[in-house]
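> Sequence below, structure please.
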Amino acid sequence: MSDIFREIDEELRRDNLLKLWSRYGRYIVALAVLVLLIAGGIVAWRDHQLSERRAQSMRYSSALSLVREGKDADAAKVFGVIAQEGGGYGTLAAFEAYDRIAETGGLDPVFRQLATLLSVMRGLSDADQHSVIDRLAPLTAPGNPWRSTALELTAAARLQAGDKSGALEVYKTLADDLAAPQGTRARAAEIAAALAS
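Numbers count the residues shown, from 1 in each chain. Predicted coordinates:
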């Protein structure tokens with residue numbers, strides 16, 4: 001007798017499951033397919049990104065080889081392209097590109113100095129502040145077209161290095177420099193006033 005009840009119970013469960021499957025089965029299948037598609041898309045995207053990083057790494061390595069061969073102009077072009085792509089190698093390439101341009105002897109000194117400024121600007125927060133100040137020193141000479149920017153960066157580097165009085169002195173110099181742009185002078189005066197208080 002208990003076997004009959006068990007069979008009836010199993011039949012009822014089976015019927016209920018079939019009803020649920022007939023009502024919701026296509027949604028379950030659609031959800032399962034969607035989950036598989038999303039997972040496949042994520043894996044494909046990660047593979048694509050890894051492939052892109054490897055390709056960028058190879059281009060970066062080839063640019064470094066060009067530097068070792070003394071082909072700085074060609075290396076600067078490759079570094080410039082990689083820098084436009086962004087990412088970790090893009091950041092490294094931007095530094096390299098600016099540094100290569102700054103070291104290229106055949107270029108106009110104004111462009112080489114601009115490359116030095118851009119290199120310093122990109123790495124100011126992470127670089128050794130004393131080396132930043134040393135790199136900028138030639139650009140802070142009176143008459144240099146990049147003087148005001150170089151002074152402002154020098155003051156910021158001194159401040160980051162903990163040299164508040166040195167930064168104050170540079171900001172005061174910049175605030176009093178009539179050759180500097182008005183906005184730069186005003187900003188330097190405000191910062192100098194804040195540092196002096």
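
> make it CA atoms for all contacts and neighbour counts henceforth
Will do.

> could you say what helices and strands the helix or strand of the chain with the lowest mean pLDDT packs with?
Ranking every helix and strand in the chain by mean pLDDT, DSSP states H and E puts helix 87-103 at the bottom, with a mean of 74. Packed against helix 87-103, as judged by 3 or more C-alpha pairs under 8 Å, 6 or more residues apart in numbering; DSSP states H and E, are the following elements: helix 2-68, helix 72-85, helix 109-123.

> Let me have the ones you listed in CSV, extended by mean pLDDT and distance to Asp177.
Putting the helices and strands packed on helix 87-103 into CSV (pLDDT from 0 to 100; distance: least, C-alpha to C-alpha, whole Å) gives the following:
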stretch, mean pLDDT, distance to Asp177
helix 2-68, 85, 39
helix 72-85, 81, 34
helix 109-123, 83, 19
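
> Which among those is found nearest to Leu168?
helix 109-123 (19.8 Å; C-alpha to C-alpha).

> ok, Gly80 - contacts?
93-94, 97 (C-alpha atoms under 8 Å, 6 or more residues apart in numbering).

> Lys164 contacts Arg158, doesn't it?
Yes - taking contacts as C-alpha atoms under 8 Å, Lys164 lies within contact range of Arg158: 6.9 Å.

> What degree of burial does Tyr24 show, as a neighbour count?
Per other C-alpha atoms under 10 Å, the neighbour tally for Tyr24 reads 12.

> Could you do Gly88 as well?
What Gly88 shows, counting by other C-alpha under 10 Å, is a neighbour count of 13.

> Check Arg147 too.
Neighbour tally, Arg147, other C-alpha under 10 Å: 21.
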